[in-house]
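**Student:** any chance you could fold what I've pasted below:
(chains A and B)
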Amino acid sequence: MENIRIDQLEQKFWNGQTTPEEEIEIKSWLSSHDKTKSKAALHDYFQSLDLAREKTLEQSFDDEMIKLIAPKKKTFSIRPLLRVAAAILIVFVAYFALRPTTQPDQMADHSEFVDTFEDSERAYLEVKKALMMVSTNMNSGLKHTQMLGKFDEAKTQMRNN
Amino acid sequence: MKIKYFILLFFFISGGIVASAQSSGIDRYFEQYKDDDRFSQINVSSKMFGLFVNFELDDPSEQELVEAISKLKGLKMLIGQDVANVSDLFNQVAKLPAADMDELMSIKDGSAEFKFYISESDGTIKELLMVGKESAQLILLSLVGDMDLQQIAALSQKMNLEGFEHFQNIDK
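**Tutor:** Next up, the predicted model:
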């Protein structure tokens, strides 16, 4: 009778149909009976469950889990700074490469254009005219400052007298 | 974040281009009016100036002129005759050099008005710019090289040339 009962329970167990009370009944029967060939698989299975239950976690497991779930510290990355530096470098290179030269020494050449005159004597005459024009107009402005100079002279003379 | 970089880059480059555009504003006028029949343009390069020192001149005042010229490296001149809006054009052009050059002198005498600008480097005047108008005539003149302004100012007194206040039309 008992054997029939345990056989039925074993069948149900392997089919996954046993209740918790029935599993306790199976475990209780196995603990009171020696391991037999017919029930070897059942014995081994419940024995492995007992062994697994006895296993405990070591402290190192907690440490490893905490390490995995703890928020990662922000580490300093140089990559954004390199991007900014590269952008600034491109801007400077583009600016200095594209801007026209405005330094007086570089502007002083004036050889980038074609001479109006091929004849040097004709060119000389025109330069002479240009300088005379500049000179005449500058003098018309300077003569007024010279008047101020005379006024200063007169003032000094009056003071000395 | 990437968009911020591009916006910054755009403003840097734009600023550079705008600054460079302003500094070459005077050249724009030389380019703009070179094919205009109302304007005569005269260009004398540094190579041509180099040929002047070889001239053999008997007149001592001419020698002084050649000495003044020998240090120059270039001349660019634009003269406009019968320019209808000469006052407006003069005011426009006269404002441009102020950004890069120092105003030396401003002369107003009746309908004539002249402004002189200079660029200095290491205590030496490297460029002289004259912008002038008289009646309907507009003059834009740029001289570059090592200049002694006192020497240039003395030239017209020593040479006593007449009729050279204004340029004649040049056949291109």
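
**Student:** got a list of contacts for stretch B:86-94?
**Tutor:** Counting by CB atoms under 8 Å, 6 or more residues apart in numbering or on different chains, stretch B:86-94 makes contact with B:26, B:29, B:80, B:83, B:113, B:115, B:131-133, B:135-138, B:140, all of which sit outside it. Bear in mind the C-beta positions are built from the backbone N, C-alpha and C, glycine included.

**Student:** what comes up buried for it?
**Tutor:** B:Val86, B:Leu89, B:Phe90, B:Val93, B:Ala94 (16 or more other CB atoms under 10 Å in any protein chain shown).

**Student:** rewinding a little: so which of the contacts of stretch B:86-94 are in strands?
**Tutor:** The strands, defined by DSSP state E, take in B:Gly80, B:Glu113, B:Lys115, B:Val131, B:Gly132, B:Lys133, B:Gln137, B:Leu138, B:Leu140 from these.

**Student:** now those residues in CSV, with pLDDT and distance to chain A?
**Tutor:** Listed next are the ones in strands among the contacts of stretch B:86-94 as CSV, based on pLDDT from 0 to 100; distance: CB to the nearest CB, whole Å:
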residue, pLDDT, distance to chain A
B:Gly80, 89, 14
B:Glu113, 91, 10
B:Lys115, 91, 10
B:Val131, 91, 11
B:Gly132, 91, 7
B:Lys133, 91, 11
B:Gln137, 90, 11
B:Leu138, 90, 13
B:Leu140, 90, 11
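
**Student:** who wins on neighbours among these?
**Tutor:** Neighbours here mean other CB atoms under 10 Å in any protein chain shown. Within these, the largest count is held by B:Val131, at 27 neighbours.

**Student:** who are the contact partners of that residue?
**Tutor:** Under the contact definition (CB under 8 Å, 6+ apart), the residues listed for B:Val131 are B:Phe90, B:Val93, B:Ala94, B:Pro97, B:Phe114, B:Lys115, B:Tyr117, B:Ile139, B:Leu140, B:Leu141.

**Student:** try 10 Å this time
**Tutor:** By CB atoms under 10 Å, 6 or more residues apart in numbering or on different chains, the contact set of B:Val131 is B:26, B:29, B:78, B:89-97, B:106, B:113-117, B:138-142.
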